[in-house]
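# structure, please.
(one chain, ligands or ions: 2)
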Amino acid sequence: MSQPFLKIENLTQRFPDGQGGTLTVFEDAAFGVEKGEFVCILGHSGCGKSTIMNILAGLAEPTSGVVIMDGQEVSGPSLDRGVVFQNYSLLPWLSTLRNVMFAVKARYPDWTKAQVMEHSKKFLAMVGLEGDVIYRKPSQLSGGMRQRVSIARAFANHPKLLLLDEPFGALDALTRGTIQDELLKIWGGTEQTVFMITHDIDEAILLADRILLMSNGPFARVAESVEITIPRPRNRTAIVEHPNYYAIRNHLVQFLGRRSRELSGTASDGAPQSPTPVRIDKTTPSDDDEPRLRAVNV
Ligand SMILES: Nc1ncnc2c1ncn2[C@@H]1O[C@H](COP(=O)(O)OP(=O)(O)O)[C@@H](O)[C@H]1O
Ligand SMILES: [Mg+2]
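Ligands and ions are numbered 1, 2, ... in the order given. Predicted coordinates for the structure are as follows:
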């Protein structure tokens, strides 16, 4: 079998619990992500999603286990991995355009200033930022605009892997919807591999090829890998009509509402804890499905 683009092997993270003991966030987590895949990870607050992402980014070191990306072990941050956090992390003294150019210049040191500028403007335009607004400082932008700048900056750098930690968590629903669409558009055009944390079920179904479900901590597990059997391009109003939408959604709600708790707290026996693959597809009738009514032209 071929190796996945990103491979997480027996990843364990423990922290001091502040009372002289140890908190095991997760143990022996094992999963893979294919090249070009858009994977969302869903789980309750505190289960360890950001901890996993920080390890994937090379910003934190696991207690044990390894992360292999494109055949190489991840150690320390790298421009091959772009990160977008909830709080934007833009440089406040630089304009919007300069914030993107700064990153592009670091990635492509041989480019001329004109090349860097053109490339940066192109990616800003992809997230709807054009004209005067790109010369404004981050403090003069709305929260939604700042998050767009972070996304443009991350994609402009063509990282091999893009890591997004609840990037839309602080945005209102309307802005969130628009930026989700822009994210899908930009991802569709670049075929980058994306690993995104969210706690929004509908956002995950709209965006992901696959959703990883995490049980509650301590001893959290990446328990299931749910394939999103809804074809692309997806559109937020149309996908709810797809026969698989509510079946998938109910599965996710059930997991987060009940099973995430039931599965929590069990130590691993040292074997890799891989997620169970789940595929829900109501479009191909199986033996245990009710016969479906079909529209017939007469
Ligand atoms: N540096 C740290 N030191 C001690 N405990 C930590 C540290 N980082 C995270 N934790 C703990 O690990 C658990 C998982 O945290 P986190 O990954 O931030 O969760 P999530 O992103 O899923 O909300 C929490 O119980 C949190 O308190
Ligand atoms: Mg988090």
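# tell me the pLDDT of the closest residue to residue 94 other than its chain neighbours.
In space, and not counting its chain neighbours, residue 94 is closest to residue 102: 6.3 Å by Cβ to Cβ, 6 or more residues apart in numbering. For glycine as for every other residue, the C-beta is placed from the backbone atoms N, C-alpha and C. pLDDT for residue 102: 96.
# helix or strand: which one has residue 102?
helix 96-107 (DSSP states H and E).
# can you pull the buried residues of the helix or strand just after that helix?
Per DSSP H and E, helix 96-107 leads on to helix 113-126 as the next helix or strand towards the C-terminus. By neighbour count with 16 or more other Cβ atoms under 10 Å, helix 113-126 contains the buried residues 116, 117, 119, 120, 121, 123, 124, 126.
# residue contacts, the third one?
Right, the one you point to is residue 119. 104, 108, 111, 156 (Cβ atoms under 8 Å, 6 or more residues apart in numbering).
# repeat that for 7 Å
For residue 119, the contact set (Cβ atoms under 7 Å, 6 or more residues apart in numbering) comprises 104, 156.
# write out the residues of the stretch 101-250 of the chain neighbouring ligand 1.
Residues of the stretch 101-250 of the chain lying near ligand 1 by Cβ under 6 Å from any ligand atom: residue 217.
# just the strands in the stretch 101-250 of the chain please.
Counting by DSSP state E, counting those that start in this stretch, the stretch 101-250 of the chain has strands at residues 161-165, 193-198, 210-214, 222-227.
# and the residue nearest to residue 94, how many neighbours?
Look at residue 102: counted by other Cβ atoms under 10 Å, it has 15 neighbours.
# what about stretch 77-88, near ligand 1?
No: figure legend: stretch 77-88 not in contact with ligand 1 (Cβ under 6 Å from any ligand atom); closest approach 10.3 Å.
# check which residues of that stretch are buried.
80, 81, 82, 83, 84, 85, 86, 88.
# for these, which one is nearest ligand 1?
Using Cβ to the nearest ligand atom, residue 86 comes nearest to ligand 1 of the buried residues of stretch 77-88, at 10.3 Å.
# I'd say the closest one and residue 170 touch.
Yes: counting by Cβ atoms under 7 Å, residue 170 is a contact partner of residue 86 at 5.7 Å.
# which ones are touching the residue of the stretch 101-250 of the chain at minimum distance from ligand 1?
Ranked by Cβ to the nearest ligand atom, the top residue of the stretch 101-250 of the chain for proximity to ligand 1 is residue 217, at 5.7 Å. Neighbour list for residue 217: 25, 46, 47, 48, 264 [criterion: Cβ under 7 Å, 6+ apart].
# returning to that earlier point: can you mark which positions in the helix holding residue 102 are buried?
So, applying 16+ other Cβ under 10 Å, buried residues of helix 96-107: 96, 97, 98, 99, 100, 101, 103, 104, 105, 107.
# hmm, back to that, would you list the buried residues of stretch 77-88 in a markdown table and tack on secondary structure and distance to residue 137?
Below are the buried residues of stretch 77-88 laid out as a markdown table (DSSP: H, G, I helix; E, B strand; the rest coil; distance: Cβ to Cβ, whole Å):
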| residue | secondary structure | distance to residue 137 |
| --- | --- | --- |
| 80 | coil | 29 |
| 81 | strand | 27 |
| 82 | strand | 22 |
| 83 | strand | 22 |
| 84 | strand | 19 |
| 85 | coil | 19 |
| 86 | coil | 20 |
| 88 | coil | 13 |
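# in this structure, what secondary structure element scores lowest on mean pLDDT?
helix 173-190 (a mean of 88; mean pLDDT, DSSP states H and E).
# quick check: the residue of the stretch 101-250 of the chain closest to ligand 1 vs residue 49, distance?
10 Å (Cβ to Cβ, to the nearest Å).
# what's near enough to touch residue 204?
40, 42, 198, 211.
# now, of these, which are buried?
40, 42, 198, 211.
# all helices for the stretch 1-150 of the chain, in order.
For the stretch 1-150 of the chain, the helices defined by DSSP state H, counting those that start in this stretch cover 49-57, 96-107, 113-126, 143-156.
# relative to residue 69, which of those is closest?
Closest to residue 69 of the helices of the stretch 1-150 of the chain is helix 49-57 (Cβ to Cβ; 8.0 Å).
# span of stretch 257-269 from start to end?
26 Å (Cα to Cα, to the nearest Å).
# which other residues reach that stretch?
By Cβ under 7 Å, 6+ apart, the list of residues contacting stretch 257-269 reads 27, 28, 43, 44, 215, 216, 217, 218, 219, 220, 221, 223.
# quick check: the farthest pair among the residues you listed?
Maximum pairwise distance among these (Cβ to Cβ): 20.2 Å, between 28 and 44.
# those two: which is more packed in?
residue 28 (19 against 16).
# sweet, I'm off.
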